[in-house]
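Trainee: Fold the stuff below for me.
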Amino acid sequence: MHHPDHGRGRGGGAIHFLALRLRRAGMREAGASAEVVATRALCRLQVFLETGERVALEASSIRRMPGSYNRSHTVLSGPTCNQASFRQPMAWQERRSSEMAIDSGTGTTRRKVLAAALGAAGAYAVSAIAGVAPVAAVANGNVQLGAGVADTDNDSAAQTQVRGTTDGMVAFSAVQSGSGTGLYGYTLSGTGVLAVGGSSGNGLDARSSTGTGAIGASFSGIGVYGYSGSTVAPPVGAVAGVVAVGGGSCVGLYAQSTSGTGAIGASFSRTGVYGYSGSTAAPFVAGAVAGVLAVGGGSRTGLDARSTTGTAGRFATGGLKSGLALQTIGRVRFDNSVGIATIASGTSSVTVTPGIDLTATSAVVATLQGDAGGSTTVKRVVVNATADTLTIYLTANATAAVKVAWHVFG
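Mentor: Next up, the predicted model:
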């Protein structure tokens, strides 16, 4: 018959043996309540403590005198502490004197060792009766489910990492089967959730079938801060829903759509989209109420609209007789569609190649910038759509070289 104490350490075998006995006794009392079973278990532990020295000697005899050990152990029973019993092993008195003599010179008495062993046995026995091992929330321990209300729940002084070793697998998944939050990250002053993509991976991929893929919100700071660059994202002193920063020559924000709208900026009382280019932080523009506000710092360009074959910029009002499609404050510059030509003395015309595509419907306005002599003025302008040229004619030959300004529309 295999003894439960075989193959274990001296203290561990005795503890396991006591806990096993207690659990078996508790199982036989299945009809009793949990409180009654626990009370009886503590009573049995008390009996072991009162006869502890005898238990220690018996455990020692298992190792030293296996031939004289009586393997007929007594099972503790009885509803009260006073009714517990224990059968002594063989040759009790003889082994007691010899064992006490051996331990008389040691610094740690057998009673101290027994007290420590029975203390561990108590915890082990309670877990054995319940059938569930306690969960640890310490370093290299287990994370406690359902905990996290107190500040010290699941505390850790080191990083906790879950690493996936199979391509295509999900390393960590947080699923909310109801209508709550699947994953929640919070920090007092740092980053609540940091998403980093490798050399060819995505840092964050937010998707939704019918709802919103990603929402960024802040009560006093930045709702979403997007950065692209070869260095660490710099701090930004802005207070905004979305801040997109491009480091070096990278693009801060790139919005693209196949058949819809790439980006929409809207505001009920202020500026829908504020674009700024400069060497310093974007300044606050007081009183600006616009769909799009483009500001160029220093000598930078506030708004640059380009198109390969279409329309680079289009300005329209709600009706032909309401509002302003375009309003400028300051000078207006037109390249290639506006210029100045010179009509030589003794001639009445000049041909100009503006460098733009001219059509039969192109309108040209020409104005003399000096005195051509007498009553001589501009007579007409002829557009050659095939050669993309225009010719300005005077009413007579100029008596001196004179400049004429021209402007092409349409």
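Trainee: ranges for the strands of the chain?
Mentor: 224-228, 242-246, 273-277, 292-296, 338-343, 349-352, 363-368, 378-384, 389-394, 402-409 (DSSP state E).
Trainee: Could you point out which of these sits nearest T309?
Mentor: strand 402-409 (18.7 Å; C-beta to C-beta). Any C-beta I mention is one placed from the backbone N, CA and C, and that applies to glycine too.
Trainee: for that closest one, packing partners?
Mentor: Using 3 or more C-beta pairs under 8 Å, 6 or more residues apart in numbering; DSSP states H and E as the contact criterion, the elements in contact with strand 402-409 are strand 338-343, strand 363-368, strand 389-394.
Trainee: can you redo these as TSV with distance to R331, mean pLDDT and mean neighbour count?
Mentor: Output for the helices and strands packed on strand 402-409, formatted as TSV (distance: least, C-beta to C-beta, whole Å; pLDDT from 0 to 100; neighbours: other C-beta atoms under 10 Å):
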stretch	distance to R331	mean pLDDT	mean neighbour count
strand 338-343	12	97	16
strand 363-368	17	97	16
strand 389-394	24	98	19
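Trainee: a markdown table for those strands, including distance to A290?
Mentor: Shown next, in a markdown table, are these (distance: least, C-beta to C-beta, whole Å):
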| stretch | distance to A290 |
| --- | --- |
| strand 338-343 | 27 |
| strand 363-368 | 31 |
| strand 389-394 | 37 |
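Trainee: Mind jotting down where the helices sit in this protein?
Mentor: 10-28, 34-50, 52-64, 92-103, 110-130 (DSSP state H).
Trainee: can you tell me which of those helices the model trusts least?
Mentor: Mean pLDDT is lowest for helix 92-103 out of those, coming in at a mean of 46.
Trainee: For the strands of the chain, give me CSV that also has distance to A286.
Mentor: CSV is the format used below for those (distance: least, C-beta to C-beta, whole Å):
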stretch, distance to A286
strand 224-228, 25
strand 242-246, 20
strand 273-277, 13
strand 292-296, 12
strand 338-343, 34
strand 349-352, 45
strand 363-368, 39
strand 378-384, 46
strand 389-394, 45
strand 402-409, 36
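Trainee: nearest to G302, of those strands?
Mentor: Nearest of these (C-beta to C-beta): strand 292-296, 3.7 Å.
Trainee: pLDDT averaged over the closest one - what is it?
Mentor: 87.
Trainee: And stretch 194-204, by the same measure?
Mentor: Here the average pLDDT along stretch 194-204 is 77.
Trainee: Nearest to V243 among the helices and strands packed on strand 402-409 would be which one?
Mentor: strand 338-343 (39.3 Å).
Trainee: mind listing what the closest one pairs with, with the direction of each?
Mentor: strand 402-409 (antiparallel) (DSSP bridges).
Trainee: between the helices and strands packed on strand 402-409, which gets nearest to L188?
Mentor: Of the helices and strands packed on strand 402-409, nearest to L188 by C-beta to C-beta is strand 338-343, at 59.5 Å.
Trainee: correct me, but L358 touches L390?
Mentor: Yes: in this structure, L358 is within contact of L390 by C-beta atoms under 8 Å, at 6.8 Å.
Trainee: okay, and the common contacts of the two?
Mentor: 383-384, 408 (C-beta atoms under 8 Å, 6 or more residues apart in numbering).
Trainee: Using CSV, please lay out the residues you listed together with distance to S200 and neighbour count.
Mentor: Listed next are these as CSV, based on distance: C-beta to C-beta, whole Å; neighbours: other C-beta atoms under 10 Å:
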residue, distance to S200, neighbour count
V383, 54, 18
N384, 54, 13
V408, 49, 20
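Trainee: Nearest to G278, out of these: which one, please.
Mentor: V408 (33.5 Å).
Trainee: What lies in contact with stretch 354-369?
Mentor: 336-337, 339-340, 377-378, 381, 383-385, 388-390, 392, 402-410.
Trainee: Swap in 10 Å and give it another go.
Mentor: With C-beta atoms under 10 Å, 6 or more residues apart in numbering as the contact definition, stretch 354-369 has outside contacts at 335-343, 350, 352, 376-394, 398, 402-410.
Trainee: do stretch 169-177 as well
Mentor: Counting by C-beta under 10 Å, 6+ apart, 161-165, 181-184 sit against stretch 169-177.
Trainee: Please apply the same query to stretch 218-231.
Mentor: So stretch 218-231 is in contact with 191, 203-204, 214-217, 233-254, going by C-beta under 10 Å, 6+ apart.
Trainee: Buried members of those into ChimeraX, please.
Mentor: Buried residues within the contacts of stretch 218-231, by 16 or more other C-beta atoms under 10 Å, are selected in ChimeraX with:
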select :236,240,243,244,245
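Trainee: distance of Q161 from A171?
Mentor: 9 Å (C-beta to C-beta, to the nearest Å).
Trainee: ok, now D357?
Mentor: Taking C-beta to C-beta, one finds D357 at 57 Å from A171.
Trainee: One more: Y254?
Mentor: Taking C-beta to C-beta, one finds Y254 at 28 Å from A171.
Trainee: G319 is nearest to which of the strands of the chain?
Mentor: strand 292-296 (20.8 Å).
Trainee: buried set for that closest one?
Mentor: For strand 292-296, by 16+ other C-beta under 10 Å, it's 293, 295.
Trainee: Okay, angle between it and strand 273-277 too, please.
Mentor: When axes from the mean of the first three to the mean of the last three C-alpha atoms, to 10 degrees is applied, the directions of strand 292-296 and strand 273-277 differ by 10 degrees.
Trainee: send the alpha carbons of strand 292-296 over as PDB?
Mentor: Provided in PDB are the C-alpha atoms of strand 292-296 (Å, rounded to 0.1, in the frame of the first residue of the first chain):
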ATOM      1  CA  VAL A 292     -11.700  76.300 -43.800                       C
ATOM      2  CA  LEU A 293      -9.100  78.700 -42.300                       C
ATOM      3  CA  ALA A 294      -5.600  78.500 -43.900                       C
ATOM      4  CA  VAL A 295      -2.800  80.500 -42.300                       C
ATOM      5  CA  GLY A 296       0.800  80.800 -43.600                       C
END
